[in-house]
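Engineer: model this:
(one chain, ligands or ions: 1)
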Amino acid sequence: MELAVEVAGVKLANPVILASGTAGYGIELSSLVDLSRVGALVLKSVTLEPRKGNPEPRVWETAAGMLNSIGLENVGVQALIADIIPALEGLGTPVFASIAGDTVRSYARLAARIQGAGGVDALEVNVSCPNVEKGGIQFGVDPGATSAIVMSVKENCDLPVFVKLTAAVADISRIAVAAQKAGADGLTLINTIPGLAIDPATRTPRLGGVIGGLSGPAIKPVALKAIWECYEATGLPIIGGGGICDTGDVLEFLIAGASAVSVGTALFRDPGRVLDIIDELPGAIERAGARSAGELTGTLTETSR
Ligand code: RRO
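Structural biologist: Sure, this is the predicted structure:
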């Protein structure tokens with residue numbers, strides 16, 4: 001059984017990746033998960049300067065998912081380059097750095113800094129964070145802004161560029177096509193979906209940042225639809241995620257059009273789950289009648305529509 005896949009030139013030993021934000025900078029999880037066994041590690045998004053993030057509480061469990069309002073807390077690109085990336089060298093697992101800016105220029109500068117430092121296999125360009133006042137999802141709902149950011153990143157780095165999009169738009173394929181025309185090498189789908197939880201006793205929001213991003217099984221159908229639409233519209237390699245908990249979910253994401261998948265919220269319940277999924281994947285692919293993970297990508301059969 002062939003589990004290895006290649007996404008935009010990045011070779012992965014298996015298609016199961018740790019989603020940005022849910023594995024910190026990798027080091028935090030390393031005592032719980034053998035990081036050398038996952039397909040790749042996507043680091044928490046970084047900005048040009050360190051950020052403290054949003055007021056607490058920052059997470060709230062919902063029916064079949066959770067809301068987060070971290071607010072892009074991160075160590076900043078300098079610490080990423082000086083401390084984090086060197087510590088991950090030798091792991092043998094591909095590392096994706098994720099960048100988030102509040103201007104087109106800040107994305108370009110982040111890309112150039114990371115490219116210059118080395119030690120990273122690909123860039124994820126986050127244009128879909130729901131928890132910041134400036135930038136984030138405001139860029140990702142706008143094809144023009146997405147295009148300008150991708151172009152500036154591509155001009156400043158040679159790494160494969162994956163653009164992380166939001167599904168909180170009427171037609172995600174429009175944004176995906178804009179990213180593709182601007183030079184994106186791949187897509188990461190989907191970021192969390194903006195939501196609100198309320199304490200009826202106090203009539204106050206459950207999160208300090210008021211609004212949060214919904215993740216987990218609650219958003220899986222939304223993610224599958226987004227992946228399918230973007231795969232059909234662009235044919236770009238897609239890292240798909242949103243509520244993946246087991247191998248059945250992985251198969252659905254591959255069939256919808258993903259070349260690799262990311263596990264995120266499931267890690268909070270059981271960090272070891274991701275390795276179980278990797279172990280169980282060969283049997284699941286075989287039972288689906290395929291000989292490799294790649295063979296399943298984009299094989300959705302429409303019986304009637
Ligand atoms: O830090 C966050 O609050 C955050 C980010 Br940058 C993101 O892209 N998605 C999310 O759900 N939370």
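Engineer: Can you list the low-confidence ranges for the protein?
Structural biologist: Under the criterion pLDDT under 70, the flagged ranges of the chain are 304-305.
Engineer: and the closest residue to the ligand within it, how many neighbours does it have?
Structural biologist: Closest to the ligand within the chain is G213: 3.0 Å, counting by C-beta to the nearest ligand atom. For every residue, glycine as well, the C-beta is placed using N, CA and C. Using other C-beta atoms under 10 Å, the number of residues around G213 comes to 27.
Engineer: ok, it - contacts?
Structural biologist: 67-69, 129-131, 191-195 (C-beta atoms under 8 Å, 6 or more residues apart in numbering).
Engineer: Intersect the residues you listed with the contacts of the ligand.
Structural biologist: Under the cut-off given by C-beta under 6 Å from any ligand atom, the ligand has 68-69, 129-131, 191-192 from those close to it.
Engineer: Could you work out the most separated pair of the residues you listed?
Structural biologist: Pairwise distances across those peak at 13.4 Å for S69 and N191 (criterion: C-beta to C-beta).
Engineer: What about the contacts of G213, which are in helices?
Structural biologist: Per DSSP state H, helices hold no members of the contacts of G213.
Engineer: Sort out for me which of the residues you listed are in strands.
Structural biologist: The strands, defined by DSSP state E, take in 67-68, 193-195 from those.
Engineer: Reformat those as CSV; add neighbour count and distance to A87.
Structural biologist: Converted to CSV, these look like this (neighbours: other C-beta atoms under 10 Å; distance: C-beta to C-beta, whole Å):
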residue, neighbour count, distance to A87
L67, 29, 30
N68, 25, 25
I193, 22, 32
P194, 16, 33
G195, 22, 34
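Engineer: Looking at the residues you listed, which is nearest T22?
Structural biologist: Nearest to T22 among the ones in strands among the contacts of G213: N68, at 9.2 Å, using C-beta to C-beta.
Engineer: How is the residue with the largest distance to the centre of the chain assigned, secondary-structure-wise?
Structural biologist: Relative to the centre of the chain, and counting by C-alpha atoms, centre = their mean, the farthest-placed residue is A201 at 35.0 Å. Look at A201: counting by DSSP: H, G, I helix; E, B strand; the rest coil, its state is coil.
Engineer: how near is it to S69?
Structural biologist: With the distance defined as C-beta to C-beta, to the nearest Å, A201 ends up 20 Å from S69.
Engineer: and the end-to-end length of stretch 252-266?
Structural biologist: Stretch 252-266 has an end-to-end distance of 16 Å (C-alpha to C-alpha, to the nearest Å).
Engineer: Test my guess that A179 contacts V163.
Structural biologist: Yes: counting by C-beta atoms under 8 Å, A179 touches V163, with 4.4 Å between them.
Engineer: Overlap in contacts, the two.
Structural biologist: Counting by C-beta under 8 Å, 6+ apart, the common neighbours of A179 and V163 are 146, 150, 187.
Engineer: Quick one: buried ones out of these?
Structural biologist: Neighbour counting with 16 or more other C-beta atoms under 10 Å marks 146, 150, 187 as buried within these.
Engineer: Who does the last one form a beta bridge with?
Structural biologist: Bridge pairing for L187 (DSSP bridges) gives the partners V163, I238.
Engineer: so it sits right up against V163, yeah?
Structural biologist: Yes: between L187 and V163 there is a contact under C-beta under 8 Å: 5.7 Å.
Engineer: which residues do these two both contact?
Structural biologist: Applying C-beta under 8 Å, 6+ apart, one finds that L187 and V163 are jointly contacted by 176, 179.
Engineer: And what about A79, helix, strand or coil?
Structural biologist: A79 - assigned by three-state DSSP - is helix.
Engineer: how close does K11 get to V42?
Structural biologist: Distance of K11 to V42, computed by C-beta to C-beta: 16 Å.
Engineer: so which of the buried ones among the shared contacts of A179 and V163 comes closest to L80?
Structural biologist: Nearest to L80 out of these is V150 (C-beta to C-beta; 20.7 Å).
Engineer: who's in contact with the closest one?
Structural biologist: 125, 161, 163, 178-179, 182-184.
Engineer: Show me what from the stretch 51-200 of the chain comes close to the ligand.
Structural biologist: Proximity of the stretch 51-200 of the chain to the ligand (C-beta under 6 Å from any ligand atom) is limited to residues 68-72, 100, 126, 128-131, 191-192.
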